[in-house]
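In: please work out how this folds:
(chains A and B)
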Protein chains: 2
Amino acid sequence: MQHWGVGYGLWATAFSILNMHPLAPPLLSGSRRALARAITLAESTRPEHEQQAQALLAEVLPHAGNSLRVGLTGVPGVGKSTFIEALGLRLADAGHKVAVLAVDPSSPVSGGSIMGDKTRMPQLTVHPNAFIRPSPSSGSLGGVTRRTREAITLCEAAGYDVLLIETVGVGQSETQVAAMTDLFLLLTLPNAGDELQGIKRGIMELADLCVVNKADSDPAAANRAQSELNSALHLLTPRGARWQPRALQASALTGKGIAEVWDAAQEYRRTLGDALALRRQSQLLGWFDELLREAVWQRFLNAQNTDDLTARRREVQAGTLTPVQAVAALLGAAKSPTAGAGL
Amino acid sequence: MQHWGVGYGLWATAFSILNMHPLAPPLLSGSRRALARAITLAESTRPEHEQQAQALLAEVLPHAGNSLRVGLTGVPGVGKSTFIEALGLRLADAGHKVAVLAVDPSSPVSGGSIMGDKTRMPQLTVHPNAFIRPSPSSGSLGGVTRRTREAITLCEAAGYDVLLIETVGVGQSETQVAAMTDLFLLLTLPNAGDELQGIKRGIMELADLCVVNKADSDPAAANRAQSELNSALHLLTPRGARWQPRALQASALTGKGIAEVWDAAQEYRRTLGDALALRRQSQLLGWFDELLREAVWQRFLNAQNTDDLTARRREVQAGTLTPVQAVAALLGAAKSPTAGAGL
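Out: Down below sits the predicted model:
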């Protein structure tokens, strides 16, 4: 009797040789409707949808990658939506195809937040060169970031050349967004003196650009904020770094400074050059390693006797077993013939 | 034919029933020599030593836990050694048994750094109530922190009731030290205006106490630093937290303020009360989970065909396979009968 270890890889290969996914042609020719449907497919948690989505992604992957991926973050009230709309409209008017994605693991409603996004960026929403997609609503940050990464690939395959990926700044979402973008932009307010200490630790280090938004509301404070941010960015940047992160001022309401932000982004892109491609490769490998670790862990948990695990945790908690002993006991047990028989 | 899944757990149980480890009795009666030898055993990477160390740790575990574990960090030049010596001497003179441990994953030499520690804390080194141990020198942070956690258990079993665990602030070592201590103390310098921005992001959030050291060198600057740190700590502390982290001043050279630091530590201990025990339990479980994840991952890597893994990584890097597909392909292959036959 021959036993086939037919994993998903083989299945997907067969699928992609024999069939082209019906969404691929319209997606590659830039149909917004096909793009929206492809993202919905990738967001679905039904196994057959996941397989179709992976086949589709593999198919369009060679056509992806031609964009500048910009991550944006900032505290609530900083004017993120207005800023994204102002920047997005400017670029869309100039002929760029602009996609706006969001990473918000806290987002509870799926349908609701689409309406929300349409309301908060009213002009960009109806622009023919723009595509706006709210955060996938599946609970975990891991799930949301995976789906956002896949949406990036799909948007690029559909010809979008500027991707604006915003994060609401919940938990680790900034780090995740920085790990999937080329340029990370931090929006702040003019009162940066207090602001500096309020900015979540670790975020400043991720920023390639800081923008003091609503600068016209208090020009003197905005100037101070800009120079304080510039010295902080200077302190945080290692000597010899190719790019020195910098602070700018803008007003999304009046449009002042928006062009300068885009100029700086272009300068950043030119300055980094090849380093940007290498950065993307290492982001991709980092994502793969993360997924693989998580999958290996989940496979272990599925094969693991839950009572055993709970018992060991209790012993560790009670101090009757050292953590190292508990691990050895568990992995010793997992090697026994009973546990392996199911394979 | 019966197949025994004899893991290390069983072996250790048998060992601890049949033999008491010869180091246990002198260790439990407080012998510094036995303690030093037990830590050396726990630091050894030879498999038979690791097993002996685990048996010894399990044996003494019920006698551990009766200490205040204090983590200390600060930039080079802040006067960490002098501060630890001043605080340690004061406590040792008052009858406390004080152990000083270090977490320094960058430490390259083992023998050399013992001499270094003896030189930098000359009085504490020779005090009968003190025990000073340099950082284990095994390269990875994971290895160093595991060995430090084990050294904590051994010191407590030997009757040490104040543990001062210092970190040099390389990479993630502060987070690791905070995750194994009850109280985390950040040492800073009087020029905290510049300092604040120079402090590695994320470190302020870990601090239960900040101490402006060398305060007598510039009293006006020290006052400013203290009040700036206090406002930063205030901003960083969630409403309703049981303990409001605070900034103090001290001068390790003159001894001024050292008593106040210890008073604050005692107040911290009283204020947290039962919460401290719960924190320790969750630290222990966190450590266990971390070890288990890492062990599961290592087991996967050992069983994994390296060429397969490399090939998939290349495909991901080249963009011919999505990360999700590459993971599915690898774990599909791992499920095949060939890979499982070895078990």
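
In: list the contacts for residue A:256?
Out: Contacts for residue A:256 (CB atoms under 8 Å, 6 or more residues apart in numbering or on different chains) come out as A:215-216, A:250. All C-beta spots, glycine's among them, are computed from the backbone N, C-alpha and C.

In: show me what contacts residue A:159?
Out: A:30, A:97.

In: helix, strand or coil for it?
Out: Classification of residue A:159 by DSSP: H, G, I helix; E, B strand; the rest coil places it in coil.

In: now stretch A:28-35: mean pLDDT?
Out: The average pLDDT within stretch A:28-35 is 96.

In: likewise stretch A:302-314?
Out: Mean predicted lDDT for stretch A:302-314 stands at 91.

In: tell me where the model's unsure across the stretch 1-150 of chain A.
Out: Counting by pLDDT under 70, the stretch 1-150 of chain A contains low-confidence ranges at A:1-19, A:106-118, A:137-140.

In: all strands of chain A, in order?
Out: Remark: strands assigned in chain A by DSSP state E are A:68-73, A:98-103, A:130-132, A:162-167, A:183-188, A:209-212, A:246-249.

In: closest to chain B among the contacts of residue A:256?
Out: residue A:215 (21.6 Å; CB to the nearest CB).

In: contact partners for that closest one?
Out: Here residue A:215 is in contact with A:190, A:222, A:249-251, A:256-257 (criterion: CB under 8 Å, 6+ apart).

In: mind running it again at 6 Å?
Out: A:222, A:249, A:251 (CB atoms under 6 Å, 6 or more residues apart in numbering or on different chains).

In: near the first one, how many other residues are there?
Out: Other residues within reach of residue A:222 by the criterion other CB atoms under 10 Å in any protein chain shown amount to 25.

In: also the last one?
Out: The burial count assigned to residue A:251 is 21, neighbours taken as other CB under 10 Å.

In: wait, isn't it in contact with residue A:218?
Out: No - the criterion here is CB atoms under 6 Å, and residue A:251 misses it with residue A:218 at 10.9 Å.

In: look through the stretch 201-343 of chain A and state the residue closest to chain B.
Out: residue A:332 (1.2 Å).

In: how much space between that residue and residue B:146?
Out: 19 Å (CB to CB, to the nearest Å).

In: ditto for residue A:184
Out: In terms of CB to CB, residue A:184 sits 34 Å off from residue B:146.

In: where do the helices of the stretch 51-200 of chain A begin and end?
Out: Assigned by DSSP state H, counting those that start in this stretch, the stretch 51-200 of chain A shows helices spanning A:80-93, A:111-120, A:122-125, A:141-157, A:173-178, A:192-198.

In: and stretch A:274-288, what's buried?
Out: Neighbour-count burial for stretch A:274-288 flags A:276, A:280, A:283-284, A:287-288 (criterion: 16 or more other CB atoms under 10 Å in any protein chain shown).

In: how many neighbours does the residue lying closest to residue A:63 once chain neighbours are set aside have?
Out: Nearest non-adjacent residue to residue A:63, counting by CB to CB, 6 or more residues apart in numbering or on different chains: residue A:157, 4.6 Å away. Residue A:157 has 25 neighbours, counted by other CB under 10 Å.

In: next up, the contacts around residue A:157.
Out: A:27-28, A:60, A:63-64.

In: read off the pLDDT value for it.
Out: 96.

In: per-residue confidence for residue A:242?
Out: Predicted confidence (pLDDT) for residue A:242: 90.

In: phi first, then psi, for it.
Out: Taking degrees, to the nearest 10, you get phi -70, psi -30 for the backbone angles of residue A:242.

In: so who does it touch?
Out: Applying CB under 6 Å, 6+ apart, no residues qualify as near residue A:242.

In: check the one 3 residues further on too.
Out: The neighbours of residue A:245, taking CB under 6 Å, 6+ apart as the test, are A:207-208, A:233.

In: most neighbours among the residues you listed, which one?
Out: residue A:207 (26 neighbours).

In: quick one on the thing from earlier: most neighbours of all the contacts of residue A:157, which one?
Out: Neighbour counts for those peak at residue A:27, which has 27 neighbours (criterion: other CB under 10 Å).
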